[in-house]
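Asker: What would the 3D arrangement of this be:
(one chain, ligands or ions: 1)
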Amino acid sequence: MHEISDEQADKLYDGPVLSKECKTIVANSVLNILYAVGEDPEREGLVDTPTRVARSYDELLVGYNVDTKKLLNNALFDVEYSEMVIVSGIDFYSICEHHMLPIIGKAHVAYIPDKKVVGLSKIPRIVEAFARRLQVQERMTQQIANLIDELVEPQGVAVIVDGLHMCVAMRGAKKSNARMRTSALTGLFLKNELTRMEFMEHIGSIHQIL
Ligand SMILES: [Zn+2]
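Answerer: All right, here's what the predicted structure looks like:
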């Protein structure tokens with residue numbers, strides 16, 4: 001098997017997700033993929049690609065390093081408010097765990113407070129924490145809903161995720177399936193059709209969004 005040079009390995013550092021040692025393993029693996037697909041890893045454009053890819057995983061997979069239970073520390077407020085709170089159109093970038101190709105899309109989150117509301121900026125951070133991992137969209141949708149349900153204890157949570165899967169789009173399979181909508185509903189969103197419809201109407205159809 002091929003290995004990156006000592007000089008290249010020396011430029012890798014411990015990051016929030018991958019240690020220097022793990023980055024070296026990723027870089028060596030990418031180098032071998034380049035050889036295996038018949039490329040010339042010595043050419044100018046590719047010479048730093050293995051280490052570049054290894055470094056990028058610190059950002060792409062940073063969700064593994066987030067303690068999701070602590071995300072809402074100091075961001076829950078007691079209020080007398082029981083109307084629907086909607087945060088829609090949250091951009092996310094994830095990686096499909098089946099092909100290691102990007103999933104890009106938008107997440108839409110609603111909840112009906114019981115006694116607590118959560119700071120507005122925290123909802124996108126919850127989405128981000130679960131998106132920046134190797135994922136399947138169905139699980140990510142459920143994880144977002146479960147965490148809000150657990151930490152905010154609302155009367156109901158609804159999460160809709162619209163995703164464009166590069167593994168489908170780029171490989172030219174049925175294009176109509178390239179966009180996927182998944183949902184996770186709890187409490188009043190499950191029990192009350194009008195509540196559910198109010199949320200669905202607010203966010204609109206997947207084809208208007210992606
Ligand atoms: Zn895939």
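Asker: how much space between the residue most central in space within the chain and the ion?
Answerer: Nearest to the mean C-alpha position of the chain, counting by C-alpha atoms, centre = their mean, stands residue 131 at 1.1 Å. Noted for residue 131: a distance of 15 Å to the ion, by C-beta to the ion, to the nearest Å. Yep, even glycine has a C-beta here, placed from its N, CA and C like the rest.
Asker: Show me what the mean pLDDT comes to for stretch 94-105.
Answerer: The average pLDDT within stretch 94-105 is 96.
Asker: Apart from its neighbours in sequence, what residue is nearest residue 93?
Answerer: residue 104 (5.5 Å; C-beta to C-beta, 6 or more residues apart in numbering).
Asker: Also residue 148?
Answerer: The nearest residue in space to residue 148 (C-beta to C-beta, 6+ apart) is residue 157, at 4.8 Å.
Asker: for the one you found, what are its contacts?
Answerer: 109-111, 145, 148-149, 184-187, 189 (C-beta atoms under 8 Å, 6 or more residues apart in numbering).
Asker: List the beta-bridge partners for residue 91.
Answerer: With DSSP bridges applied, residue 91 shows beta-bridge pairing to residue 106.
Asker: Surely it is in contact with residue 103?
Answerer: No. Between residue 91 and residue 103 there is no contact under C-beta atoms under 8 Å: 11.8 Å.
Asker: who's more crowded, the two?
Answerer: residue 103 (24 against 12; other C-beta atoms under 10 Å).
Asker: That one - that's part of a strand, no?
Answerer: Yes. Counting by DSSP: H, G, I helix; E, B strand; the rest coil, residue 103 is part of a strand.
Asker: what sits against it?
Answerer: Taking C-beta under 8 Å, 6+ apart as the criterion, residue 103 is in contact with 93-96, 135, 137, 163-166.
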